[in-house]
Every structure is written in structure tokens, then in C-alpha cells.
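Fold the following for me, if possible:
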Amino acid sequence: MTNRPPFTAEAGWESLRSLVGLEFDQSAEEGKNPGGLKKLRAEFDSAPDDSRILEELHARILALPMREDFPFEEPSDLEGIRRLRPAPVALPAIDWDSGRLADQLHGAWLGRCCGCALGKPVEHYMRKREGFVSWEMQKVYLTAISPDEWPLRDYIPAHSPAEDKTGKLICPDSTREQIRFMETDDDIRYTVLGQILLREKGKSFTTADVANGWFDHLPYRLVCTAETQAYRNLVALGVRNYSRDSRDAIDWNWVVTRLNPYREWIGAQIRIDSYGYGAPGNPELAAEWAWHDARLSHVKNGIYGAMFCAAMIAASFATSDPRLIIQAGLSQIPKTSRLHAEMLQTIAICDRHGCDFKAFESVIRDIYALLGHYHPVHTNNNAALCVAALLLSKGDFHRGITLAVMGGWDSDCNGATVGSMVGAIAGAGNAPAHWTARLNNTLKSHIIGYDPIAISECAARSLEIAHKIRKE
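Here you go, the predicted structure:
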């Protein structure tokens, strides 16, 4: 077991007091004993800002037992996850010999970039403001320009008469007036890192390889929430621990839980698209790779979201049927988990409203009623918006990315994830130039070798990886 070093408590995504405060919500969602949480919360509320006291409280929260009536079984280990999966889903075979897969991979990269760019300017519309919830703020902003701007029909205009209510946009390089390329974003940087990992390490990469990739390519200032806390914990252990000889001795549970109340948030879910690209038509392999990546910073539903989305992306290369794609994703996560149950509830919401694009506002309202108790960047509520966008769009590129973004919460993440799926379904040849041409085939990622790079080159590298791994 790795020694657990002391380090300055105040470093990280937020202050130590904020991190410990958030831990109460996370532990409650995981099913920790409510009586124990209530007792420790009272101690926390009266505790001074003393790092020793706060860290000791944090350790006691983590050590609390589960409540006896918690209805879910949610392992984080791969064998435990596999033991609780539903039956596998049969998919049509991939056509490896024609140019179809190359076109699909190019479409997936374009879809991810377009969906991400569409959602970036309104990503900060996450929390309720002026009486409006996340998705409603987009509607207020856009309809103040013109009623024709809602539902979304284009990249988002840089200014609106409603800015006094909604606030100004962020990321001007992704607004309608200025967009000329895919600007750097965490959703895209992780797609690049996944590609680099598969090119360098192949199909048998480990979590230690993921950690080394972060050290080699990802500056600390470019990570957030769960990734910030895990990165900090990795550094505290020392880079020497990531050699091939010593990596199995790393206490990954300590890395992922140490002052990390974000361990079921969306961070791992946005890191996995290249695993779907590298295993087209093979959801199980894509999900396994996603597990190796996600366990570096996440647990339970944070891991399941990554596996679920990786499997759906892989399935999107084999079928255009949204329900079959979603079933392929659900087949890779525990049927005893919150995520599995809530995705089934989301499908039922869509069915209740006829799975029709015109019903999207009713669907979004019901999803907010069901899952609005989660943080705006939690895995489960955002995964539900991705499922709804895929179902209501029926796999259409334009409707898929716009629905994902219009759902609010983590809009750029959801636009990018659904973009990968509808982009793979459409292929680059059928992806609307209205969206794709504005990027001028250019990605700027802030990662050496990918800044700038042609989006088509990223797709070509994904094709090379997929063929190589298939031969392995």
C-alpha cells in the first residue's frame, strides 16, 4: 500500500471547508448512514477553519457505514461491475472494408466539435438565476433576440437584450459571429489525450498510463473538480510511483476519494470518446477502456457514466437505432445502480411524451423534476439529457446536438457527447455543412501536436487506431 503523504490542505479546486462541505452531499447520494451524516454535519458547522480538524472530519465521513435500506448495489471494481450487468446486446457487424468507417469517424469528430462549440457560450447557465432554471435561461436569452432563435437553429449569438437577466455569454470564439475553429476545451482535450494513449499504449493500457498521460500532456491549470483533486493526489504520491515496476502498488482508492467530493460528477464521462472511436461496434471493449480511465478520479456512477457513454459511442458505428445504442450502453453498467434506474426512468419520460422533437420542453421539465436534486455537473442528470437528446432527435445530427445543448446543465459536455453519436450515425459526408463548415477543419487543443490540427487528421488517426487494435 502506498504511503499517504501530508500536504497543504487548502490547495485544490476549492477551499478545504468547501470540499468537506460538499462531501456531505456526495456521501448522502452514495447511501451513507443519514444519522451519522447529521451528527458529523453538526460538528462541521461549528468547527473552526483548522486543517487538522477538517481533514479528520472528512476521514470520518468517508468511514461512515451505508444505510441499511439503500436500494442500490454500486461497485467500482471492474469485476463487480461486470457481475451486475444486464444481458449483452447484439449489434450489426461493422463494415471494415469500405470507406464507411472512415467517414463515420470523421463525422464523430466533427459532431463532437460542433456540439461542444454550440454549448460552450452558455455552459455557465447552470444554476437558477432570476427565477429561471438552466435550460430556461437559454430560452430567455435567445427569444429576446427573436422567437425564431428557439429551438436552436445556429451557433449562439454573442449578445442579447436579455443579458441583464441571464448574464453575458462566455467563450466568444464559439459564438455565431466569431466561430472559425474548434477552440480548446476540456471535452476536446480529453478526446485528444485518449487518442494519444491508444496510439502509444494500445488496447492494454492501464490507469497508471492514464495518469502518466496527464503528467506528460495536461497542465494542472486545465483540469477541474474531480480531475483537479485526483491530479493533486497523484502529485502528492510522487511521479516516481508511475513507473511500470511500481504502478500496481498505488492506492487508487486514496487517489480518488482524498478530498474529492466530485467523484460522481461528469468529468470521467467527458473523457471517453476516443475509446468509442477506437472500438467501433465493440461496446464492451470501449467500456472497459473507459473504466481504466475513469477510476483514476471517479467512483460508482461517475465510472458508470463513462462506461455508458463510451459503449453508446462504440455502438453508434454499428447502428443508427437510438434505442439499440442506449441499450448497448446500459448493458455495460450495473443494473443495480442509480444511473441504470434513472436512465430507464428517462426513457419512460420520453416515451410518455411520444419521443417527439416537438415535446422537448415537456421532456426537459420532467427530467429536471426527476434529477434536479443533483449538482448541475453531476453524471446522472447530464447523462439523462444525452439519452433524451438521442431519442427525441432519432439520431439526426442537427436535432441531436441542439437538443443536448438546449437541455442546459453542462451544455457543452452534453452537446459534445451526443455529437459523437449523431456524427458517427451521419458520417462526415452527411453531416450538415451549416454546422461543420464553420470550424474550417481546424482544432486548437492546447496539446502539443494537436494545436492546431485538422479535424480530418484526428479522424484519420482514429481509423488507424481502430484497425490496429482490431488486428491485435
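
buried stuff in stretch 359-373?
359-360, 363-368, 370-371 (16 or more other CB atoms under 10 Å). Glycine gets a C-beta too; all of them are placed from N, C-alpha and C.

neighbours around residue 191, how many?
Neighbours of residue 191 under the rule other CB atoms under 10 Å: 31.

same thing with the one 5 residues further on?
For residue 196, the neighbour count with other CB under 10 Å is 19.

pLDDT at it, what is it?
Each residue has a pLDDT score; the one for residue 196 is 98.

what about it, distance to residue 266?
Separation of residue 196 from residue 266 (CB to CB, to the nearest Å) stands at 22 Å.

Same question for residue 352.
In terms of CB to CB, residue 352 sits 26 Å off from residue 266.

More neighbours: the two, which one.
Taking neighbours as other CB under 10 Å, residue 352 and residue 266 compare with residue 266 leading, 31 against 12.

surely the more buried one meets residue 374?
No - here residue 266 lies out of contact with residue 374, judged by CB atoms under 8 Å, at a distance of 10.0 Å.

can you tell me the average pLDDT over stretch 64-76?
98.

Any idea how far apart the tips of it sit?
The first and last residues of stretch 64-76 sit 17 Å apart, counting by CA to CA, to the nearest Å.

and what of stretch 260-275?
25 Å.

which of the residues in it are buried?
Within stretch 260-275, the residues scored as buried using 16+ other CB under 10 Å are 260-275.

Inside strands: which ones of these?
Using DSSP state E, no member of the buried residues of stretch 260-275 sits in strands.

farthest pair in those residues?
Distance extremes for the buried residues of stretch 260-275: the farthest pair is 261 and 274 at 27.4 Å, using CB to CB.

would you list every one of the strands in this protein?
Using DSSP E, strands in the chain cover 442-443, 453-454.

what does the last one contact?
Right, the one you point to is strand 453-454. 441-443, 445 (CB atoms under 8 Å, 6 or more residues apart in numbering).

Please apply the same query to the first one.
Outside strand 442-443, the residues that touch it by CB under 8 Å, 6+ apart are 113, 180-182, 188, 450-455, 458.

Show the buried residues in those.
For the contacts of strand 442-443, a burial check counting by 16+ other CB under 10 Å picks out 113, 181-182, 188, 450, 453, 455, 458.

so where's this structure shaky on pLDDT?
In the predicted model of the chain, residues 1-11, 239-248 satisfy pLDDT under 70.

Let's see that with 80 instead.
1-11, 238-249 (pLDDT under 80).

Please parse it into its domains.
Structural domains of the chain, as assigned by automatic domain parsing, span the residue ranges 1-70, 78-122+183-471.

With distance to residue 168 as extra columns, can I get those domains in TSV?
Listed next are the domains of the chain as TSV, based on distance: least, CB to CB, whole Å:
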stretch	distance to residue 168
domain 1-70	24
domain 78-122+183-471	9
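
for these, which one ends up most surrounded?
domain 78-122+183-471 (a mean of 22; mean count of other CB atoms under 10 Å).

what's the first-to-last distance across that domain?
Criterion CA to CA; first-to-last residue distance in domain 78-122+183-471 is 24 Å.

same thing with stretch 76-93?
Start-to-end, stretch 76-93 (CA to CA) is 30 Å.

now do stretch 38-56
Stretch 38-56: ends 16 Å apart by CA to CA.

same deal with stretch 249-264?
Start-to-end, stretch 249-264 (CA to CA) is 24 Å.

Can you list phi and psi of residue 127 for me?
Phi and psi for residue 127, reported as degrees, to the nearest 10, are phi -100, psi 160.

where's it relative to residue 175, distance?
21 Å.

Could you do residue 458 as well?
Per CB to CB, residue 458 is found 23 Å from residue 175.

List the contacts of stretch 193-213.
Contacts of stretch 193-213 (CB under 8 Å, 6+ apart): 214, 217-218, 234, 242, 244, 247, 250, 252, 271-275, 277-278, 285, 289, 292-293, 295-296, 447, 449, 458, 461-462, 464-465, 468-469, 472.

And for stretch 70-79?
30-31, 81, 83-84, 288, 291, 295, 299-301, 303-304, 334, 336-338, 341.

Ends of that stretch, what's the gap?
Stretch 70-79: ends 21 Å apart by CA to CA.

now do stretch 69-82
OK, stretch 69-82 end separation, CA to CA: 23 Å.

For the closest residue to residue 226 other than its chain neighbours, give me its contacts.
Leaving aside its sequence neighbours, residue 226 sits nearest to residue 262 (CB to CB, 6 or more residues apart in numbering; 3.8 Å). For residue 262, the contacting residues are 13, 22, 26, 225-226, 229, by CB under 8 Å, 6+ apart.

Residue 162 now?
140-141, 143-144.

Which pair of those residues spans the longest distance?
Going by CB to CB, the pair spanning the contacts of residue 162 furthest: 141 and 143, at 7.8 Å.

out of these two, which sits in the more crowded spot?
residue 141 (27 against 15).

between residue 127 and residue 175, who's got more neighbours?
Higher neighbour count among residue 127 and residue 175: residue 175, with 18 against 12, using other CB under 10 Å.

Roughly how far does the closest residue to residue 258 other than its chain neighbours sit from residue 148?
Leaving aside its chain neighbours, residue 258 sits nearest to residue 233 (4.9 Å; criterion: CB to CB, 6+ apart). The spacing between residue 233 and residue 148, counted by CB to CB, is 49 Å.

Repeat that for residue 89.
Remark: distance between residue 89 and residue 148 (CB to CB) = 40 Å.

for residue 444, same thing?
Residue 444 is 31 Å from residue 148, where distance means CB to CB.

Correct me if wrong: residue 284 contacts residue 311.
Yes - assessed by CB under 8 Å, residue 284 is found in contact with residue 311 at 7.3 Å.

so what's in contact with those two at the same time?
Joint contacts of residue 284 and residue 311 (CB under 8 Å, 6+ apart) are residue 332.

now the longest helix belonging to the chain, how far from the centre of its chain.
Secondary structure assigned by DSSP state H gives helix 100-119 as the longest helix of the chain. Relative to its chain's centre, helix 100-119 lies at 16 Å (CA atoms, centre = their mean, to the nearest Å).

name the helices or strands packed onto it?
helix 186-201, helix 273-278, helix 397-406, helix 411-426, helix 433-436, helix 455-471 (3 or more CB pairs under 8 Å, 6 or more residues apart in numbering; DSSP states H and E).

all helices of the stretch 151-300 of the chain, in order?
163-166, 186-201, 207-217, 225-237, 252-257, 273-278, 283-294, 300-316 (DSSP state H, counting those that start in this stretch).

got JSON lines for these, with distance to residue 74 too?
Shown next, in JSON lines, are the helices of the stretch 151-300 of the chain (distance: least, CB to CB, whole Å):
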{"stretch": "helix 163-166", "distance to residue 74": "37"}
{"stretch": "helix 186-201", "distance to residue 74": "24"}
{"stretch": "helix 207-217", "distance to residue 74": "19"}
{"stretch": "helix 225-237", "distance to residue 74": "17"}
{"stretch": "helix 252-257", "distance to residue 74": "14"}
{"stretch": "helix 273-278", "distance to residue 74": "21"}
{"stretch": "helix 283-294", "distance to residue 74": "14"}
{"stretch": "helix 300-316", "distance to residue 74": "4"}
